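Need a 3D model of the following:
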Amino acid sequence: MATLQDEELLQSSNFSTESEPELVERYEQEAPTASHLLAEESKHADLGDKGASQMQHDHSEVRDLGWNDEQSPNPVVGGLDNAELWTLIRRFDKQVFRVKRIDEPPLGQLDLNIAEDEDFSPDKLRAQLERFYMIVVTNLFSFWKHIIRLRSWKEYQRTSAFLALE
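As a prediction, the model looks like this:
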């Protein structure tokens, strides 16, 4: 139940429930996105926490640190094991098909988001179907073959062990 004070507060604050939210065409404050903020913080981190890719090099270009265990220094990125880094890179490569530049960065969010007006791509559909086939369909067939093998009496020891467990 609303009290008399609540009603007076609502009337005095010019609050209207029917009004539309204010549309902001452009955000004027120059604040970095969350991912840029993380990158800036990592630049100023302690030298002991940095990996080989975060050190200052003599080259102004990107330095090739290599992918082989013998070549690549450990750690490439500070605070992250190289095996975990390679796993994250492979996962990123599998999930990201196309990246395009936008003129205005998003307001204080991560700057790699799924586009709302993303185009349909036959390559993307094909890649998703290949992934589904390799992960789900092949494993189902393998499981089914294994069950059929257990149920057949050609290998009586395996089948009897299977039946004993049931």
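
C-alpha only now, for contacts and for neighbours.
Noted.

buried stuff in the strand or helix carrying residue 140?
Residue 140 belongs to helix 138-151 when elements are defined using DSSP states H and E. When burial is assessed from 16 or more other CA atoms under 10 Å, helix 138-151 yields the following buried residues: 150, 151.

Packing partners of whatever helix or strand comes next after it?
Past helix 138-151, further along toward the C-terminus, the next helix or strand under DSSP H and E is helix 156-165. Under the contact criterion of 3 or more CA pairs under 8 Å, 6 or more residues apart in numbering; DSSP states H and E, helix 156-165 touches helix 138-151.

In PDB, list the C-alpha atoms belonging to the helix holding residue 140.
Only the C-alpha atoms of helix 138-151 are listed here, as PDB (Å, rounded to 0.1, in the frame of the first residue of the first chain):
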ATOM      1  CA  THR A 138      29.900 -40.100 -34.100                       C
ATOM      2  CA  ASN A 139      29.700 -40.600 -30.300                       C
ATOM      3  CA  LEU A 140      26.100 -41.900 -30.500                       C
ATOM      4  CA  PHE A 141      27.200 -44.400 -33.300                       C
ATOM      5  CA  SER A 142      30.200 -45.400 -31.200                       C
ATOM      6  CA  PHE A 143      28.000 -46.000 -28.200                       C
ATOM      7  CA  TRP A 144      25.500 -48.000 -30.200                       C
ATOM      8  CA  LYS A 145      28.200 -50.200 -31.700                       C
ATOM      9  CA  HIS A 146      29.600 -50.800 -28.200                       C
ATOM     10  CA  ILE A 147      26.100 -51.900 -26.900                       C
ATOM     11  CA  ILE A 148      25.600 -54.200 -29.900                       C
ATOM     12  CA  ARG A 149      29.000 -55.700 -29.300                       C
ATOM     13  CA  LEU A 150      28.200 -56.300 -25.700                       C
ATOM     14  CA  ARG A 151      24.800 -57.900 -26.500                       C
END
